[in-house]
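[1] Here is my input; please provide its structure:
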Amino acid sequence: MAKSLKNTSTFTALRNPVYRKLWSATLLSGICVAAHDCAATWVMYKLSPSALFLSLMSTVASLPFFLFTLPAGALADIVDRRKLVWVMNLWLAVAAGLLALLASLRLLNPYIVLSCVFLIGIGFAFNAPAWTAIVPEVLSDEELPSAATLGGLQLNISGIIGPILGGTLLPLIGANWVFAMNAICFLVVILAILQWKRERGPSKLPVENFSESFFTAMRYVRYAPGIQVVLARSVLFAFFIALIPALIPVVGLKELRLTAAGCGILFSSMGAGSVVGAIFVVPWARARFSSNMLTVIANLMVAVVYLLMTFVRDQTIFMIVAALAGLGWTLSASELWVAAQRAMPSWARGRINATVIMATQGAMALGGIVWGAAAAILGVNHTLIGGASLLFISLILAIPLSINFTAKLEIDPASVTSFSHKLIHLPQPQDGPVAITYEFEVDRVHEEEFMELMRQVRLIHLRNGAFSWQLHEDLTQFNIFRVEMIVPSWTQHVLQRDRMTKAEKNIIDRAKNLHIGEGPIQEGIFLCVNKELVSHRRLAERQWRLQKRPS
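    Residues are numbered from 1 along each chain as shown. So this is what the prediction gives:
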């Protein structure tokens, strides 16, 4: 069934005044960042034309994403994301300003440039998970597809205008002023963030410590089949799409004999294709196809692009091929991003986004190495044909790993109810582990349905905080089943209520409705006191030694 055209427009999200300000500020900043990158590369070339230093520019820029994205995601879920974003943009402004100052004082050398680029990379690595978590908080679910396209559009506009701006300003005002301009643009982003008044107030629930937040993300991905599907599709796509940045420069410079200006136009063609596609093609396609079908079509387009890159040797036609590559890349990446956001609960969005970013960045890095090595060994044309063939075959996985399910997920928080446990004393936040038990009486007629629901309930509890979950059948009574789960601390037990989504609550309620006992489900809650036993034993041993010590 065709989707409504009302919510498929590329610019739907810009009707939201908060998002419009944030998007405009990041667009301006993105242009300045692209100009900054151009100037930094030029400065490095002037300081040392060594291929090693030039190649290290991209390495030190991407390395922070591998080192810091996961802890940054954990941090984004335990602190105020709004504050984190403006603090990291302040970090970026200081790093860019430091580079501008050192350039104006003529104190730059290759190592200082690399160090400043690394500092800027750290800022982006910590900013990315928080920013991707803020966007769904600002927008409604219907506006998310538009935001995904606009995010790609912002990157492509920046990629087109920024290098041209940087190349134009370098001989006019010098690299130090380009760096200073970038620092000022980061301050513009801070101003936009400060104008956003977050509607959600601070949570009254206990706050996880950093290690709990970090490992909770790993546990959630492990026990969330939906996230695993989206992550697998994203990693697979990132691995294959890495062939474009790896081999398009090789084809352009070695096969088409493009000049440096022509190579710049080649990359601008990719950006232009993405921009045109985001404005005209993406809304039309979203109104007519499901998310999964769109990703399949986009991947087919990319595979065809690989074949065209093999045989097309006319420079003008090859620019059109590059534009098609940009279109396919944008279409598939935006749909996978939307699917990921729809599959993430709000309480873990920052850390799971960090996991997705790190995994896809790793897949692209691996893909770049694989495709580059294959081109060196087998040749460019054979690598392109092989990449297209493997990408065609990989589309078979789109059948069992469809992302259409994300459109129907109810990940909004469920209504929080008070505990049914009557506690004689309230534990401290870090007390634990805590064991929770439930006893069901289930009619054997519904045992199969009960077991299927319990499989889902197990995953729900494990990804929302439990590190152990067991289902036992009573050997002394008929039809009695006992669930026992253990969470690491009282904080984690309390947070489980807040983490429950509507979809998860519906599954748990269905399981509870199969209880046929005369009374309610028997619930129990226990605090582990092993530490107290150990400390008590040590105290007793110490007292015994003191008594035995000769006077």
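
[2] For the stretch 151-300 of the chain, just list every one of the helices.
    Applying DSSP state H, counting those that start in this stretch to the stretch 151-300 of the chain gives helices spanning 175-195, 210-222, 225-241, 243-250, 260-276, 282-286, 291-311.

[3] any idea which of those scores lowest on pLDDT?
    Of all the helices of the stretch 151-300 of the chain, mean pLDDT reaches its minimum on helix 260-276 (a mean of 71).

[4] quick check, residue 526 in a strand?
    Yes. When DSSP: H, G, I helix; E, B strand; the rest coil is applied, residue 526 is found to be in a strand.

[5] The residue nearest to it when sequence neighbours are not counted: neighbour count?
    Beyond its immediate neighbours in the sequence, the residue positioned closest to residue 526 (CB to CB, 6 or more residues apart in numbering) is residue 435, lying 4.4 Å away. The C-beta positions use only the backbone N, C-alpha and C, and glycine is treated the same way. Number of residues near residue 435 (other CB atoms under 10 Å) recorded here: 17.

[6] So residue 435 sits against residue 488, correct?
    No. Applying CB atoms under 8 Å, one finds residue 435 not in contact with residue 488, separated by 11.1 Å.

[7] can I get the helices of the stretch 151-300 of the chain in TSV with mean neighbour count and distance to residue 136?
    What follows is those, written out as TSV (neighbours: other CB atoms under 10 Å; distance: least, CB to CB, whole Å):
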stretch	mean neighbour count	distance to residue 136
helix 175-195	20	16
helix 210-222	17	16
helix 225-241	20	14
helix 243-250	20	28
helix 260-276	19	22
helix 282-286	21	18
helix 291-311	20	16
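
[8] As a markdown table, the ones you listed with distance to residue 325 would be great.
    Written out in a markdown table, the entries for the helices of the stretch 151-300 of the chain read as follows (distance: least, CB to CB, whole Å):
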| stretch | distance to residue 325 |
| --- | --- |
| helix 175-195 | 28 |
| helix 210-222 | 30 |
| helix 225-241 | 9 |
| helix 243-250 | 5 |
| helix 260-276 | 6 |
| helix 282-286 | 15 |
| helix 291-311 | 5 |
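
[9] Between the ones you listed, which one is closest to residue 47.
    Across the helices of the stretch 151-300 of the chain, the minimum distance to residue 47, taken as CB to CB, is reached by helix 175-195, at 10.6 Å.

[10] contacts for the closest one?
    Contacts of helix 175-195 from elsewhere in the structure, counted by CB atoms under 8 Å, 6 or more residues apart in numbering, are 21-22, 24-26, 28-29, 31-33, 35-36, 38-40, 42-43, 82, 85-86, 89-90, 92-94, 96-97, 99-101, 103-104, 166, 169-170.

[11] element containing the closest residue to residue 196 other than its chain neighbours, please.
    With CB to CB, 6+ apart as the criterion, residue 196 has its nearest non-adjacent residue at 5.3 Å, and that residue is residue 18. Taking DSSP states H and E as the definition, residue 18 sits inside helix 17-47.

[12] Specify the angle between that helix and helix 175-195 in degrees.
    Taking axes from the mean of the first three to the mean of the last three CA atoms, to 10 degrees, helix 17-47 and helix 175-195 form an angle of 160 degrees between their directions.

[13] how far out from the middle of the chain is helix 17-47?
    Taking CA atoms, centre = their mean, to the nearest Å, one finds the center of helix 17-47 at 21 Å from the center of the full chain.

[14] ok, now how distant is residue 357 from residue 160?
    For residue 357, the distance to residue 160 under the criterion CB to CB, to the nearest Å works out to 23 Å.

[15] Let's test this: mean pLDDT of stretch 37-45, rounded?
    Throughout stretch 37-45, pLDDT has a mean value of 77.

[16] who wins for proximity to residue 155 among the helices of the stretch 151-300 of the chain?
    When the helices of the stretch 151-300 of the chain are ranked by proximity to residue 155 (CB to CB), helix 260-276 comes first, at 8.0 Å.

[17] For the stretch 351-500 of the chain, which segments count as helices?
    Taking DSSP H, counting those that start in this stretch as the criterion, the stretch 351-500 of the chain carries its helices at 380-394, 447-463, 490-499.

[18] Tell me which of those is the most buried.
    Mean neighbours per residue, mean count of other CB atoms under 10 Å, is largest over the helices of the stretch 351-500 of the chain for helix 490-499, with a mean of 20.

[19] Quick check: chain neighbours aside, which residue is closest to the spatially most central residue of the chain?
    To find the centre residue of the chain, average its C-alpha atoms and take the closest one (CA atoms, centre = their mean): that gives residue 353, at 2.3 Å. Nearest residue to residue 353, sequence neighbours excluded (CB to CB, 6+ apart): residue 132, at 4.3 Å.

[20] Tell me, how many residues neighbour the one you found?
    Every residue meeting other CB under 10 Å relative to residue 132 is counted, giving 24.

[21] before we move on, what about the one 10 residues further on?
    By the other CB under 10 Å criterion, the neighbourhood of residue 142 contains 13 residues.

[22] which residues touch residue 493?
    432, 434, 436, 465, 487, 525.

[23] quick one: low-confidence ranges for the protein?
    When the per-residue scores of the chain are filtered using pLDDT under 70, the ranges that remain are 1-10, 49-59, 198-214, 253, 259-264, 267, 413, 415-421, 531-551.

[24] The stretch 1-150 of the chain: helices as residue ranges?
    For the stretch 1-150 of the chain, applying DSSP H, counting those that start in this stretch gives helices covering 17-47, 51-76, 81-104, 110-138, 144-173.

[25] looking at those helices, which is closest to residue 482?
    For those, distance to residue 482 was read as CB to CB. The smallest value, 33.7 Å, belongs to helix 51-76.

[26] how much space is there between the residue nearest to residue 353 and residue 138?
    Going from residue 132 to residue 138 by CB to CB gives 11 Å.

[27] any chance of the helices of the stretch 1-150 of the chain in JSON lines, plus distance to residue 404?
    What follows is those, written out as JSON lines (distance: least, CB to CB, whole Å):
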{"stretch": "helix 17-47", "distance to residue 404": "26"}
{"stretch": "helix 51-76", "distance to residue 404": "26"}
{"stretch": "helix 81-104", "distance to residue 404": "29"}
{"stretch": "helix 110-138", "distance to residue 404": "19"}
{"stretch": "helix 144-173", "distance to residue 404": "13"}
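
[28] Out of these, flag the one nearest residue 453.
    The closest approach between residue 453 and any of those, judged by CB to CB, belongs to helix 110-138 at 28.9 Å.

[29] so what does the closest one touch, helix or strand wise?
    Using 3 or more CB pairs under 8 Å, 6 or more residues apart in numbering; DSSP states H and E as the contact definition, the elements that helix 110-138 packs against are helix 17-47, helix 51-76, helix 81-104, helix 144-173, helix 315-343, helix 349-378.

[30] Go again with 10 Å.
    Applying 3 or more CB pairs under 10 Å, 6 or more residues apart in numbering; DSSP states H and E, one finds that helix 110-138 contacts helix 17-47, helix 51-76, helix 81-104, helix 144-173, helix 175-195, helix 315-343, helix 349-378.

[31] which neighbours do residue 435 and residue 488 share?
    By the contact definition CB atoms under 10 Å, 6 or more residues apart in numbering, residue 435 and residue 488 are jointly contacted by 466, 468, 528.

[32] Look at the closest residue to the last one other than its chain neighbours and say how many residues are nearby.
    Leaving aside its chain neighbours, residue 528 sits nearest to residue 433 (4.6 Å; criterion: CB to CB, 6+ apart). Counted by other CB under 10 Å, the residues lying close to residue 433 total 18.
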